[in-house]
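Undergrad: Sequence plus predicted model, see below.
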Amino acid sequence: MIKKITPYLIVGVVSALVTIFVFEHYNKKEQQGEYFQWSKNENNSNQKATYSFANNPSSAPDFVDAAEKSVNAVVSIKNYGNKVTQKMDPFFEDFFDFGFPQFKRKSDDSMPSGAGSGVLISDDGYIITNNHVIDGATKLEVVLNNQKTYVAEVIGKDASTDIALIKIDAKELPYLSFSNSDNVRVGEWVLAIGNPFGLNSTVTAGIVSAEGRSLNLLKTKGNAPIESFIQTDAAINPGNSGGALVNTSGNLIGINTAISSQTGSYVGYGFAVPSNLAKKIVEDIRRFGIVQRGFLGVNTLDLSDDAQILSYNQKFNSKLKLQEGVMVTGLSENGGALDAGIEQNDIITEVNGEKIKSFADLSFSIGSKRPGDVVNVKVVRDGKEKSYNVTLKDAKGNTKVKSKSDLTALEKLGANFEPLTDKQKVNYGIQSGVLVTNVSEGKLQSLGISDDFIILKVNGKNVNSSEDVEKVLKNYDGTVSLEYIDPYGRLIRRGFILN
């Protein structure tokens, strides 16, 4: 019996010894980093992890250089203004972080009414942040990482992207360079830098968990909002708004803007405006004083949105199916798409060679252009692909880029005005006034005036039409006084500079 089993014992022992030798050899090689290494994409300088470092902590990605390069360029912003507590749309409560609670304060109050972050983008003091961080401010205080404090000037802002540009009077400051956000890939490592809960210069790490995310956050905040957020799981909390999202090279790929939370604090997802869009907005503000928006001149249906498709099918008794692309449901009479030959029911699939999978892709692609720019648009019509070169126009059908000085008084106000009906005059007990409609970005919106407000007087003069408003303000330079009634019938008097 012993003779029979001896060969099997020998084979078993030899096999075990070979197995132990191989395991020890490869484990040693792994610890030396010969089998699991960093990989680099030639078209993207961002490092990507292609290994597991669970048993080898020394091989974990190193964020020290990126943090050291970035942290001194991120600032704290304190908003001193006449904030009034009011119930917000629950959706906005879930997403936007406004820092400190908002109370009604005097403009000279020593306590800020809100706080957030910003990013230095030049050595002479230009700072990019979120519009909602600076909104309503009578004074903005900027604190650098070295604790030096400055009062900032608002250069310009854009509610449609929630981006703003401010400036402090300083020189030789550390700053971040914009990186090409088109190179951002899902799964790559990123850092979020800001001032959550007033904790200065906080750095958190995570990955890009999605791209082109649209959340309908800005639908009530601007005219034709652009939403194509970078989603990250790096921890972002109240106070991070306006801060930096950087790659592992320490370059700016996004401006942290919102969180998805039922508690108001981080629960897993944050959202940043891509750097390419943010860069275009601040360049417009610096060059022209206002943001330049190009429009295709189409109404659309997002074919990647099953809720929109269901509603459309029920309304028109159609049989559209979920797919990639954006369907044209209507065209503006003075729009570039109609001029180029695009037709209703065409499905837009590409713009300038970039695939259009959803409305977020389309709004980002077109919204990053200016009036007069020509874009190549590919559509599918009756199963066949067609290509058109479209000259983009502004919202009023013009191809010329306007500067702030080119705007009329009504364009600066950012609204239309309609005569009151006799019934409205009786209801409010007034003899004159104009109804505010189609409020977009402009002075009225910054004052909190929205549709259905009634303006009674401009500079002390009664107004009954848009022509009256324009006549009072034509060639006027100085402080404008308004007397108006809100939808609840409250009489309000405000002043502002029309520039």
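TA: Yep, it's here.
Undergrad: residue closest to the middle of the protein?
TA: The chain has Val273 as the residue nearest its centroid, 3.7 Å off, counting by Cα atoms, centre = their mean.
Undergrad: so it sits in a strand?
TA: Yes - according to DSSP: H, G, I helix; E, B strand; the rest coil, the state of Val273 is that of a strand.
Undergrad: Grab the nearest non-local neighbour of it.
TA: Computed as Cβ to Cβ, 6 or more residues apart in numbering, the closest residue to Val273 that is not its neighbour in sequence is Ile255, at 4.6 Å. (C-beta placed from N, C-alpha, C; glycine too.)
Undergrad: Tell me if I am right that that neighbour is in a strand.
TA: Yes - Ile255: assigned to a strand according to three-state DSSP.
Undergrad: Could you tell me the end-to-end distance of stretch 156-176?
TA: Across its full length, stretch 156-176 reaches 20 Å between end residues, using Cα to Cα, to the nearest Å.
Undergrad: wait, the residue nearest to Val273 sits on Val246?
TA: No - look at Ile255 against Val246 with Cβ atoms under 8 Å: they stay out of range, at 10.7 Å.
Undergrad: neighbour-wise, which of those two wins?
TA: In terms of neighbours (other Cβ atoms under 10 Å), Ile255 is the more surrounded of Ile255 and Val246; the figures are 31 against 28.
Undergrad: Now do the same for that one: its pLDDT.
TA: The confidence metric pLDDT takes the value 97 at Ile255.
Undergrad: which residue ranges form the helices in this structure?
TA: For the chain, the helices defined by DSSP state H cover 2-31, 64-71, 90-95, 131-134, 275-288, 306-316, 336-340, 359-367, 409-413, 422-428, 443-446, 466-473.
Undergrad: Least reliable of the ones you listed by average pLDDT, please.
TA: When the helices of the chain are compared by mean pLDDT, helix 90-95 comes last with a mean of 41.
Undergrad: Could I get the contacting residues of Ile366?
TA: For Ile366, the contacting residues are Gly294, Phe295, Leu296, Val351, Val375, Leu392, by Cβ atoms under 8 Å, 6 or more residues apart in numbering.
Undergrad: Ranking by neighbours, what's the top pick from these?
TA: Counting by other Cβ under 10 Å, Leu296 has the largest number of neighbours within those, with 28 neighbours.
Undergrad: so that residue makes contact with Asn334?
TA: No - the criterion here is Cβ under 8 Å, and Leu296 misses it with Asn334 at 12.0 Å.
Undergrad: can you list the domain ranges for this structure.
TA: In the assignment given by automatic domain parsing, the structural domains of the chain cover 2-59, 60-291, 298-391, 407-497.
Undergrad: Which strand residues bridge Val380?
TA: Each beta-bridge partner of Val380 is listed here: Ile347, Glu385, as defined by DSSP bridges.
Undergrad: correct me, but it touches Asn345?
TA: No - using Cβ under 8 Å, Val380 is not in contact with Asn345, being 9.9 Å away.
Undergrad: More neighbours: which of these two?
TA: More neighbours sit around Val380 than around the other of Val380 and Asn345, counting by other Cβ under 10 Å; the figures are 17 against 12.
Undergrad: Which residues are in contact with that one?
TA: Applying Cβ under 8 Å, 6+ apart, one finds that Val380 lies in contact with Gly325, Asp346, Ile347, Thr349, Lys386.
Undergrad: Look at the residue lying closest to the second one once chain neighbours are set aside and say how many residues are nearby.
TA: Same thing as Asp346. Taking Cβ to Cβ, 6+ apart as the measure, Asp346 lies nearest to Val379, with 4.0 Å between them; neighbours along the chain are not counted. Applying the criterion other Cβ under 10 Å, we find 24 residues in the vicinity of Val379.
Undergrad: same thing with Phe496?
TA: The burial count assigned to Phe496 is 14, neighbours taken as other Cβ under 10 Å.
Undergrad: For Leu331, see how far away Asp361 is.
TA: Per Cβ to Cβ, to the nearest Å, Asp361 is found 20 Å from Leu331.
Undergrad: what about the two, which has more around it?
TA: Between Asp361 and Leu331, counting by other Cβ under 10 Å, Asp361 is the more crowded of the two (24 against 19).
Undergrad: what about the nearest residue to the more buried one once chain neighbours are set aside, distance to Lys357?
TA: With Cβ to Cβ, 6+ apart as the criterion, Asp361 has its nearest non-adjacent residue at 5.7 Å, and that residue is Gly212. Relative to Lys357, Gly212 is positioned 7 Å away (Cβ to Cβ).
Undergrad: How about Leu413?
TA: With distances taken as Cβ to Cβ, Leu413 is found 37 Å from Lys357.
Undergrad: In terms of neighbours, single out the busier of those two.
TA: For Leu413 versus Lys357, the count of surrounding residues by other Cβ under 10 Å is larger for Leu413: 29 against 17.
Undergrad: my read: that one touches Leu444, true?
TA: Yes - shown here, Leu413 and Leu444 form a contact pair, counting by Cβ under 8 Å, at 5.2 Å.
Undergrad: count of residues packed around the residue nearest to Glu354 when sequence neighbours are not counted?
TA: Excluding its sequence neighbours, the residue lying closest to Glu354 (Cβ to Cβ, 6+ apart) is Ser365, at 6.0 Å. A count of nearby residues for Ser365, using other Cβ under 10 Å, gives 22.
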